[in-house]
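Novice: Requesting a structural model of the entry that follows:
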Amino acid sequence: MSLTRIQVQRATTVSPWTRDFRHLLPVPKHFQNRQTWFDPITKAVRVKDRIKYWNVVPGDQICIRGDTRKTIHEVLSINKFTNRVYLKGANLHEGKPYKTPVNRSVHYSKCMLYIGEQMGKATSVGDQPKAISVFARRIGVRDPHWDPILFRWNWKRLVLATDPYTPKAKIELQWPQPEERDHKEPNPLLDTTPEAVREITYKPPVFSLSKLISLQSGATEKAYLRTLFNPSVIPFDTSAPMEVCLTKELSNPHSRAKKQARWQAAVKRKSTLFKKFIAQELRNIDGRSIRDARAEAAFKYRQKLEEERKLEKKRRWLTKDRLAKMERKSKRKARKAERQKEKLSQLVLRDAPNQFIPGKSARRQEA
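Specialist: Coordinates of the predicted model:
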């Protein structure tokens, strides 16, 4: 499965574990093209320059290579597509409150893992030896394997070279341990008491045998539905259990069993319809061969399915909103036609020369 633009843009992670090697997949070049001004900048180095086994992970303490003061920083997050390591608390816009804080990032190759401290040698006679920090200049990977229980890749981090030099060879570095979560005490005013949790509030109705027998026929449910629309005409026994009357309304129509039952019913109906068309054509064969009659039946069967599909599409299209809109439009057209008819019927022409009135003109000529 190829990468998506969102996966590359959100590649920065705070997890120290490697669950897959998808960061070694090639990134399409068009991902780096910004479609709008507000799109984030997408960056990725070449595949051959990416690191497979990351030994610098969030939670580690590092020193930047070349720093003479040997300042120790904590790793906040990493980006495996750009080989960048983000440092915790290092703000690039420090002292500029009008700018958004941005964590400082360094390249993976400039990171030296902090191992610990050791006593250094005294520089002169009478001086006490001072504790100096030891960092790993080069780290090796040993025994990489997949952990099927934790669903991640594990390996050993071995220190091959240190700064300053130490006689110890191949020191194994432990992975950073996650910080324990501080679980606050629940607020007694907002928390539910154990007595309220253990209290039984639902009491199922008592079913009698006579009512269950009457409910199986469905007459009680129909009576209940009729009572909703005509409460004063048809009486209904209000002591009947409501759970039985609302079984269809409260049940899930999208369950797997019901969808499968509807699909099986539709397949059975299509098969029955096809057999019906074949039997009808074979009864009225009219000199045709059986093969031609079956082909004619198959054609009529396909035409019938297409007609039903169009009718179903039209039925789904005619929603309540569309029907109400069509009704309003037809009423508006009817009112407009009525107004035009009324204007024409009440039209009055002013007297002017060269006007011809059929009835009066005929009587004048006779006179």
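
Novice: What segments of the stretch 51-200 of the chain are strands?
Specialist: 61-64, 72-79, 84-91, 103-107, 111-119, 131-147, 152-163, 171-173 (DSSP state E, counting those that start in this stretch).

Novice: Show residues contacting the fifth one.
Specialist: To tie it back to what came earlier, the one meant is strand 111-119. 55-56, 60-65, 72, 75, 85, 129-137, 139, 157, 159, 162-163, 166, 171, 173 (C-beta atoms under 8 Å, 6 or more residues apart in numbering). Where C-beta positions appear, they are placed from N, C-alpha and C, glycine not excepted.

Novice: all helices of the protein, in order?
Specialist: Assigned by DSSP state H, the chain shows helices spanning 5-9, 194-198, 209-216, 219-229, 242-245, 247-250, 256-283, 290-317, 320-345, 358-366.

Novice: which stretch in the ones you listed has the least confidence?
Specialist: In terms of average pLDDT, helix 209-216 trails the rest of the helices of the chain, at a mean of 54.

Novice: hang on, K43 packs against Q32?
Specialist: Yes - between K43 and Q32 a contact is recorded at 6.9 Å, counting by C-beta atoms under 8 Å.

Novice: Now do the contacts for G120.
Specialist: So G120 contacts P129, K130, A131, I132, P164 (C-beta under 8 Å, 6+ apart).

Novice: W146 is in contact with F21, isn't it?
Specialist: No - using C-beta under 8 Å, W146 is not in contact with F21, being 11.0 Å away.

Novice: Isn't P40 up against Q9?
Specialist: Yes - using C-beta under 8 Å, P40 is in contact with Q9, at 5.4 Å.

Novice: Now do the same for A240: its pLDDT.
Specialist: 59.

Novice: same question, F81
Specialist: 93.

Novice: From L113, how far off is it?
Specialist: 22 Å (C-beta to C-beta, to the nearest Å).

Novice: repeat for A261
Specialist: From A261 to L113 the distance is 62 Å (C-beta to C-beta).

Novice: So which of these two has more stuff around it?
Specialist: L113 (21 against 11; other C-beta atoms under 10 Å).

Novice: How about that one: what's its closest non-neighbour residue?
Specialist: For L113, ignoring the flanking residues on the chain, the nearest one in space by C-beta to C-beta, 6 or more residues apart in numbering is A136 at 4.4 Å.

Novice: The one you found: how many residues sit nearby?
Specialist: A136, neighbours per other C-beta under 10 Å, totals 24.

Novice: Run through the bridge partners of it.
Specialist: L113, T162 (DSSP bridges).

Novice: which residues touch Y301?
Specialist: L273, F274, F277.

Novice: who wins for neighbours among those?
Specialist: Most surrounded of the contacts of Y301: other C-beta under 10 Å gives F277, at 19 neighbours.
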